Every structure is written in C-alpha cells, then in structure tokens.
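K.L.:
Here's my sequence, what's the structure:
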Amino acid sequence: MRFMGAERVEEAVASCAALLRTVVGEDWSGTKAAGLDWSCRETVTHIASDLIGYAGNLAGRLKSSYAPFDITVDGDENGNYKADNAGQIEVVEVMGALFSATLRTTPRAARGFHPYPFRSANRDGFAAMGIAEVLLHTHDIARAFDTPYEPPAEIAEYVLTTIFPSVQPGPAPWPTLLWATGRGDLPGREPVTGWRWSNNHVIRADRLALEGVTPAAAADLQGGGDGGFDWVEDGPFEGTRVASQMLWQAYEAGMHRPEFGVYVLVREEDDRAVGGMGFHGAPDEQGRVEVGYDLAESARGQGYATEALGALTRWALAREDVTTLVATVDRDNLASQSVVTRTGFVQVGEKGDAGELLVFELKG
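P.N.:
This next block holds a predicted model:
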C-alpha cells in the first residue's frame, strides 16, 4: 500500500485555499466561524498552526509534548506586519507544503507525540489529523459565509479509515465525517455531541513493535496488499489477511474496537513485518477475549511469537475489562501449543467432533 498521506494533505490544502479565495473579500475578523468561538481569521490561523505544529511533532519525534508552534499573522507589537486575507491563504499553503515535505521524508516507523488516545501517532495518523483540521475548519468558515464546500470523497475517506476506526461507514465519506465530528446529521444515527479521533495503538516488546492495523491498512491487506508494512519476503501469512478481513467487516458493521483488533509484528532492528497477532473481537460480558496469531515461515523458531504474545497478554490483562484470554490451537500444531504454554496459558478443553482443537486459557 503506497503511502498517500502527503498527497492527501496537498489535496486538502488545495481545496481549502480554493474555498477561501471565494470569500477573500469578506470580513474574516468580524465574522465567527460556524460552531466555533474563533473568528474566521483566527480559524485560518489555527489551520496553518496545526499544519506546521504536526510537522514539528513528527519531524522531532517528540515524546511527551506538542511542538511549540504558534503562528501570528497580525503583526508584531509595533504593528510592522499584518497579512490580509489573501496573505493568510498563502500562509496556509506554505505550512501545508512544509507538512507534506515532512511526511514524504519521514520513515514509516517514526512516531511523534499526540495525547489521544495512546500518546503517539505515525505519519499516517499525523497526515489524517492535519487533513481533518483543514477540511473541518474550512467547512466551518464556508458555513459562516453561507458558501457550499465539499472536498473530494477520497480525502474524507482517508481520514475516516485512519483515525476514526470506530465510526461505521455512512452513505458517503464527507457527510459521515461531518456527522462524526458533530457537524451534521446522518439518517438513523443520533447526533454526535462529543468526539475524538483515535490513532493506532502500538505495544512494545523486546525486539518487536506490535502495531495496530487501521481499517485502511486492513482493506489493503485483505485485498492482497502489504497494508503499508515492509514485510519479510514470505509475508504476510494467510492468517493475517483473514484477520484483516474480519477487522474490515467489524468496521463496516460499526463494531470495531481498534485496541482489540489486529496487530502487525514489526522487528525493531530493520522495520520488517514478520507476522500478525490480535483478538477475535472485544471482550464479552465476562471479560473473555480470544487471541490468535501467525508468523511468516522465515520468522519462525526465533521466539517472536512467544515474545509478542507475552506483551499482548500483559497489556490485555492489565485492563479492567479483560479477565481471561483464550487461545484455540490445532492438536497437531505443537509449536503453537508451546508458544501459549510458555506464555502461561493452561489447556482447559477440546473442540471439534474429534477434539482436533485444543482450548487454552490465561486468567488475570
């Protein structure tokens, strides 16, 4: 799956600039953006600040705080400079170009700080957050001046499938994004009064990073793509593609909980993906949740599955909504049985007409 974040940012900024130029002669300072406490002028400044701020967070690989970028276009204390409306549009375009350049030159595995919900985001996440800021606040300005605005559907879809994994797809991406952010209605759905986006979850093991698969990546994996990961030459194994299909189906049904989805196992030393691991869904009412995994054949026998399963189970059992982890293993798959028992699972039963499946549990 080719990384499209930089291109989507450029398209979003272009759509923003085109809309703003249709209202360039309006009173931006004296008109509030729809649904916001900011004037339209302040909202345009906010868009530009977000673009360069996200670029700084990602380029600096920040760990625990935002990059301290705050763009002022109203001049210094002596009033020596003040951009007019046309100048503000150019500032947005420049900041968008800098952000796009950062995205194009950032390694796939790099992450920067973002507080919600898992304290970091990768380049896809930052791209989607930047695009969301551009599209949504352009919409707010367009509404203030009663001007139609609708960006290309593929840009809104990129945002939804990257940082809104729990939002069930609607009839079209743009109205769905507006609904998901409290800016519009969708037939059959209650209005949204509070919302947040969600970057993908990463669990660190010793030699591996377990990187959460977004709906966008799942769609690519189930269709035979790489999901945006650099796989070892014989990966991904079929189980990862099947699990990605299950994730996509849950997303389409509005039942996907991203932290209980699919994770790709990535070697820290070379950023190569070696397998997949994850859950068969969210915990049930008793706190039981089933896990599954596979590895590319070339990555087997090196302890990766045991290491990753240990990290995943520790994370899961530290949660209040998980009491028991379940693993179902073929009776003939002795290697997989060794993985679960080394992790602490205990066999509790059998399944299938001939008992061909063994059931293991690990309790918190």
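
K.L.:
where does the protein dip in pLDDT?
P.N.:
The chain contains residues with pLDDT under 70 at 66-81.

K.L.:
for the residue nearest to Gly301 when sequence neighbours are not counted, helix, strand, or coil?
P.N.:
Spatial nearest neighbour of Gly301, excluding adjacent residues (Cβ to Cβ, 6 or more residues apart in numbering): Ala335 at 8.0 Å. From N, CA and C alone the C-beta is placed, and that goes for glycine too. Judged by DSSP: H, G, I helix; E, B strand; the rest coil, the three-state class of Ala335 is helix.

K.L.:
isn't Ala335 right up against Gln302?
P.N.:
No - in this structure Ala335 lies outside contact range of Gln302 using Cβ atoms under 8 Å: 11.7 Å.

K.L.:
mind listing what's buried in the helix or strand harbouring Ala48?
P.N.:
Assigned by DSSP states H and E, Ala48 falls within helix 40-59. The neighbour-count check on helix 40-59 (16 or more other Cβ atoms under 10 Å) flags 40-59 as buried.

K.L.:
tell me which residues of the following helix or strand past that helix are tucked away?
P.N.:
Counting by DSSP H and E, the element after helix 40-59 in chain order, helix or strand, is helix 85-105. Within helix 85-105, the residues that count as buried by 16+ other Cβ under 10 Å are 85, 88-89, 91-93, 95-96, 99-100, 102-103.

K.L.:
quick one, the helix holding Ala48 and helix 85-105 angle?
P.N.:
20 degrees (axes from the mean of the first three to the mean of the last three Cα atoms, to 10 degrees).

K.L.:
can I get the CA coordinates of helix 40-59 in PDB?
P.N.:
Only the C-alpha atoms of helix 40-59 are listed here, as PDB (Å, rounded to 0.1, in the frame of the first residue of the first chain):
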ATOM      1  CA  CYS A  40     -12.800  33.200  10.600                       C
ATOM      2  CA  ARG A  41      -9.400  34.900  10.600                       C
ATOM      3  CA  GLU A  42      -8.400  33.100  13.800                       C
ATOM      4  CA  THR A  43      -9.700  29.900  12.300                       C
ATOM      5  CA  VAL A  44      -7.500  30.200   9.300                       C
ATOM      6  CA  THR A  45      -4.500  31.000  11.500                       C
ATOM      7  CA  HIS A  46      -5.400  27.800  13.500                       C
ATOM      8  CA  ILE A  47      -5.300  25.700  10.400                       C
ATOM      9  CA  ALA A  48      -1.800  27.000   9.500                       C
ATOM     10  CA  SER A  49      -0.600  26.500  13.100                       C
ATOM     11  CA  ASP A  50      -1.800  22.900  13.200                       C
ATOM     12  CA  LEU A  51      -0.100  22.000   9.900                       C
ATOM     13  CA  ILE A  52       3.300  23.300  11.000                       C
ATOM     14  CA  GLY A  53       2.800  22.000  14.500                       C
ATOM     15  CA  TYR A  54       2.100  18.500  13.300                       C
ATOM     16  CA  ALA A  55       5.200  18.700  11.100                       C
ATOM     17  CA  GLY A  56       7.300  19.700  14.000                       C
ATOM     18  CA  ASN A  57       6.000  16.900  16.300                       C
ATOM     19  CA  LEU A  58       6.600  14.300  13.700                       C
ATOM     20  CA  ALA A  59      10.000  15.600  12.500                       C
END
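
K.L.:
so what's Glu268 up against?
P.N.:
Contact partners of Glu268, counting by Cβ atoms under 8 Å, 6 or more residues apart in numbering, are 207-209.

K.L.:
What about the residues you listed, which one has the most neighbours?
P.N.:
Among these, the one with the most neighbours (other Cβ atoms under 10 Å) is Leu208, at 25 neighbours.

K.L.:
quick one, phi psi at it?
P.N.:
With angles defined as degrees, to the nearest 10, Leu208 sits at phi -130, psi 150.

K.L.:
Is Asp220 in contact with Met1, as I believe?
P.N.:
Yes - using Cβ under 8 Å, Asp220 is in contact with Met1, at 4.0 Å.

K.L.:
which of these two has more neighbours?
P.N.:
Asp220 (21 against 15).

K.L.:
three-state assignment of the more buried one?
P.N.:
At Asp220, secondary structure determined by three-state DSSP is helix.

K.L.:
For it, which residues are in contact?
P.N.:
Residues near Asp220 by Cβ under 8 Å, 6+ apart: 1, 226-228.

K.L.:
mind redoing it with 7 Å?
P.N.:
By Cβ atoms under 7 Å, 6 or more residues apart in numbering, Asp220 lies in contact with 1, 227-228.

K.L.:
Using a markdown table, lay out those together with distance to Glu320 and secondary structure.
P.N.:
Converted to a markdown table, the contacts of Asp220 look like this (distance: Cβ to Cβ, whole Å; DSSP: H, G, I helix; E, B strand; the rest coil):
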| residue | distance to Glu320 | secondary structure |
| --- | --- | --- |
| Met1 | 35 | coil |
| Gly227 | 30 | coil |
| Gly228 | 32 | coil |
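
K.L.:
now the helices: where do they sit in the stretch 251-364 of the chain?
P.N.:
Along the stretch 251-364 of the chain, the segments classed as helices by DSSP state H, counting those that start in this stretch run 304-317, 334-343.

K.L.:
wait, which of these is closest to Pro258?
P.N.:
helix 304-317 (13.4 Å; Cβ to Cβ).

K.L.:
now for that closest one, which elements pack on it?
P.N.:
Applying 3 or more Cβ pairs under 7 Å, 6 or more residues apart in numbering; DSSP states H and E, one finds that helix 304-317 makes contact with strand 202-204, strand 208-212, strand 273-279, strand 288-295, strand 324-330, helix 334-343.

K.L.:
now, of these, which is deepest in the fold?
P.N.:
strand 273-279 (a mean of 26; mean count of other Cβ atoms under 10 Å).
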